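J.: here you go, sequence then predicted model.
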Amino acid sequence: MGLGSSLGGRFWCLITATFLGFLGFGSVLPALAPHIRLDLGASDRAVGFVIGTFSAVALCSRPFAGRLADRKGRKTAFLTGLASCTLAGVTYLLPWGVAAMYLARALQGIGEACLYTGAAAWAVELAGVHRSARALGYVSSGIWGGYAAGPLAGTLLGSFHHAAEFQVVAALASAALLTRVDEDYKASPHHARGRWLQRSLIASGITVGFVNVYYPVVTGFLILYLAQRSGAGAVAFSVYAGFVLVSRFFLGGLPDRVHPRVTFYIGLAFMAIGLSIIAAGPTWIWAVIAAALLGFGYSFPWASVASIVLRRAHENERGSSVSVLSAFYDVFVGASSFSAGLLANAYGYRSAFIMAIAALGAAALMARSVFAANDRVADFAAPMVLESMPSVSTD
């Protein structure tokens, strides 16, 4: 079966709309801190607080986004996110000083929560739950692609205000594209809705969280650490990001064809090897190789866990399930950002990478319960049977 075969035009319109939404997100990032610090004359502390507002609001918005996607539809959640992003872009342009920056970042946090939840649940249903890992891989590629191209677009536009205007245009273009995408999902009025945070999702969420402890370590300290060793920081980070994007796009569907436990632990192994090489203070070439291994490995754990969660979830709970996993990601990334900073300040950059390696070990242990609860033959064999059947496209 070819790459993305039989996914249909609606699916690819959704992925393109996701890319455009996150392209706008990324466009304001390069000039945001300089604009707050230099143009508005705010303090460094204000810069940190404004930027951090996004993460805090995104986390608090996850339950709302999940419930919205399940009760009103994936398309409604996605369009709500785009509307919030449009308002954020407009708010950036208002003459309200730093207050406008706080409000815009809060709106952007709501937008990200709704965008991702709507996109992930909708993509899985358009592709078919038996291809959930492939669908999530393409969604992640759209997000990473948008975040990668957005800062370049913002830099080329030359000013913060032009970048904010571009965010509005990108969000509106994404919304216009979605008018071509019909949604099949209908909320069931008879389905009994449980709590947002269900006990069955806690182990999966903690597993995803531990896997992503490494993320603020790499984004915050990789370049600084390697600058002291081999000077390969910028190249290594670009290679890492490139391997994440390419691997998720071309290999994101592996957990649909190979048992997700296998792809999860293979991904963890590659990540651990890459981080261990980096922590050892490698030469230039080994730093680049380690970054490639890390990026390649990181492409699999999320899809491996999320695909199992979404296969088991009732269709009226998939949005909430996605938002729960995303919330655990937010919590662990936020906590590990502070922890990595404290460790690096007290013991040097290497200690932060050692913390990330230890977190992968914790993820490996926690994942045993995730996969043990999903180890019945029917949980994985059924998707494989469906994959082999001829598909009938309605697009």
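T.: Perfect, I can see it now.
J.: so who does Ser247 touch?
T.: Remark: with contacts taken as Cβ atoms under 8 Å, 6 or more residues apart in numbering, Ser247 is in contact with Gly295, Phe296, Ser299, Phe300. C-beta: built from backbone N, CA, C; applies to glycine.
J.: apply 6 Å and report the result again.
T.: Phe296, Ser299 (Cβ atoms under 6 Å, 6 or more residues apart in numbering).
J.: and the gap between it and Met271?
T.: Here Ser247 is placed at a distance of 12 Å from Met271 (Cβ to Cβ, to the nearest Å).
J.: again with Glu183
T.: For Glu183, the distance to Met271 - Cβ to Cβ - is 36 Å.
J.: the more surrounded of the two?
T.: Each of Glu183 and Met271 has its neighbours counted (other Cβ atoms under 10 Å); Met271 has more, 25 against 17.
J.: what helix or strand is that one located in?
T.: Taking DSSP states H and E as the definition, Met271 sits inside helix 260-279.
J.: in the stretch 251-395 of the chain, where is pLDDT below threshold?
T.: 373-395 (pLDDT under 70).
J.: where do the helices of it begin and end?
T.: 254-257, 260-279, 284-298, 301-312, 318-347, 349-372, 377-388 (DSSP state H, counting those that start in this stretch).
J.: redo these as CSV? Include distance to Thr86.
T.: CSV is the format used below for the helices of the stretch 251-395 of the chain (distance: least, Cβ to Cβ, whole Å):
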stretch, distance to Thr86
helix 254-257, 34
helix 260-279, 36
helix 284-298, 31
helix 301-312, 28
helix 318-347, 21
helix 349-372, 36
helix 377-388, 37
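J.: which one of those lies nearest to Ile36?
T.: For Ile36, the closest of the helices of the stretch 251-395 of the chain is helix 318-347, at 19.2 Å, according to Cβ to Cβ.
J.: give me the angle between that closest one and helix 349-372.
T.: Angle of helix 318-347 versus helix 349-372, following axes from the mean of the first three to the mean of the last three Cα atoms, to 10 degrees, is 150 degrees.
J.: which stretch among the helices of the stretch 251-395 of the chain approaches Arg67 most closely?
T.: Across these, Arg67 has its closest neighbour in helix 318-347 (6.4 Å, Cβ to Cβ).
J.: residue ranges in the stretch 101-250 of the chain under the pLDDT threshold?
T.: In the stretch 101-250 of the chain (pLDDT under 70), the answer is 188-196.
J.: contact partners for Ala279?
T.: Neighbours of Ala279 in contact, by Cβ under 6 Å, 6+ apart: Arg350, Phe353, Ile354.
J.: phi, psi of Gly281?
T.: phi 70, psi 60 (degrees, to the nearest 10).
J.: helix, strand or coil for the spatially most central residue of the chain?
T.: Centroid check for the chain by Cα atoms, centre = their mean gives Ser140 as the closest residue, at 6.1 Å. Of the three states, Ser140 takes helix under DSSP: H, G, I helix; E, B strand; the rest coil.
J.: how much space between it and Val246?
T.: For Ser140 relative to Val246 (Cβ to Cβ), the value is 12 Å.
J.: before we move on, the earlier item: whichever of the contacts of Ala279 end up buried, select them in PyMOL.
T.: Selecting only the buried members of these in PyMOL, with burial defined as 16 or more other Cβ atoms under 10 Å, works like this:
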select buried, resi 350+353
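J.: Throw the contacts of Ala279 into a markdown table and include distance to Ala33, thanks.
T.: What follows is these, written out as a markdown table (distance: Cβ to Cβ, whole Å):
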| residue | distance to Ala33 |
| --- | --- |
| Arg350 | 27 |
| Phe353 | 25 |
| Ile354 | 29 |
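J.: how about Ala148, nearest residue that isn't a chain neighbour?
T.: Ala241 (6.4 Å; Cβ to Cβ, 6 or more residues apart in numbering).
J.: let me redo that: Arg10
T.: Val181 (4.9 Å).
J.: phi and psi next, for Gly231.
T.: Residue torsions, per degrees, to the nearest 10, at Gly231 are phi 70, psi 20.
J.: how many residues are close by the spatially closest residue to it that is not a sequence neighbour?
T.: Leaving aside its chain neighbours, Gly231 sits nearest to Trp284 (6.7 Å; criterion: Cβ to Cβ, 6+ apart). Residues lying near Trp284 (other Cβ under 10 Å) number 14.
J.: quick check: Trp284 touching Gly233?
T.: No. With contact defined as Cβ atoms under 6 Å, Trp284 does not count as touching Gly233 (10.1 Å).
J.: so what sits against both of the two?
T.: Common neighbours of Trp284 and Gly233 (Cβ under 6 Å, 6+ apart) do not exist.
J.: following element in sequence after the stretch of helix or strand Ser174 belongs to, please.
T.: Per DSSP H and E: Ser174 is located in helix 160-178. Next helix or strand after helix 160-178 toward the C-terminus (DSSP H and E): helix 199-211.
J.: enumerate the positions of that following helix that are buried.
T.: Under 16+ other Cβ under 10 Å, the buried positions of helix 199-211 are Leu201, Ala203, Ser204, Gly205, Ile206, Thr207, Val208, Gly209, Phe210, Val211.
J.: can you check stretch 148-165 too?
T.: Ala148, Gly150, Pro151, Ala153, Gly154, Leu157, Phe160, His162, Ala163, Ala164, Glu165.
J.: then stretch 309-325?
T.: So stretch 309-325, judged by 16+ other Cβ under 10 Å, has buried residues 309-313, 315-325.
J.: ditto for stretch 226-234
T.: Residues Leu226, Arg229, Ser230, Ala232, Gly233 are the ones in stretch 226-234 that count as buried (16+ other Cβ under 10 Å).
J.: residue contacts, the second one?
T.: If a contact means Cβ under 6 Å, 6+ apart, then Arg229 has Gly281 as its contacts.
J.: swap in 10 Å and give it another go.
T.: By Cβ atoms under 10 Å, 6 or more residues apart in numbering, the contact set of Arg229 is Ile278, Ala280, Gly281, Pro282, Thr283, Trp284, Trp286, Ala287, Tyr349, Arg350.
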